[in-house]
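Peer 1: Model the following, please.
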Amino acid sequence: MLKEYRLKKGYSLEKLAELCNISWRNLHRIENGKINEAKFETIKKIISALEMSDTDIIKIIKEK
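Peer 2: Residues are numbered from 1 along each chain as shown. The predicted structure follows:
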């Protein structure tokens, strides 16, 4: 779901990673579910950069 939101914002993987101050590799792993327990601070950075609403976040949580 994160990839979908990233693409809607028009961000490349590298651009979003830069905005969040994380490596694009880690962001790629998070998007693909290869990192199941990302740090809370990292998730907050991603949510902020994507300007996700509370409704968007709850939707993602419910789908897991």
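
Peer 1: for this protein, what spans make up the helices?
Peer 2: Here the chain has its helices, by DSSP state H, at 2-9, 13-20, 24-31, 40-50, 54-63.

Peer 1: Can I get these in TSV including mean neighbour count and mean pLDDT?
Peer 2: Using the backbone N, CA and C atoms, a C-beta is placed for each residue, glycine as well. Shown next, in TSV, are the helices of the chain (neighbours: other C-beta atoms under 10 Å; pLDDT from 0 to 100):
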stretch	mean neighbour count	mean pLDDT
helix 2-9	14	92
helix 13-20	17	97
helix 24-31	17	93
helix 40-50	15	93
helix 54-63	10	82
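
Peer 1: hang on, isn't Ala49 packed against Leu16?
Peer 2: Yes: using C-beta atoms under 8 Å, Ala49 is in contact with Leu16, at 5.9 Å.

Peer 1: which residues does Gln30 contact?
Peer 2: Heads up, residue 30 is Ile, not Gln. Ile30 makes contact with 2, 38, 42, 46 under the criterion C-beta atoms under 8 Å, 6 or more residues apart in numbering.

Peer 1: okay, now Thr12: neighbour count?
Peer 2: Thr isn't right for residue 12; it's Ser. 11 (other C-beta atoms under 10 Å).

Peer 1: next one: the one 10 residues further on
Peer 2: Counted with other C-beta under 10 Å, the neighbours of Ile22 add up to 18.

Peer 1: Let me see the contact set for the closest residue in space to it that isn't next to it in sequence.
Peer 2: Closest residue to Ile22 apart from its sequence neighbours, by C-beta to C-beta, 6 or more residues apart in numbering: Thr42 at 5.9 Å. Taking C-beta under 8 Å, 6+ apart as the criterion, Thr42 is in contact with 20, 22, 26, 30.
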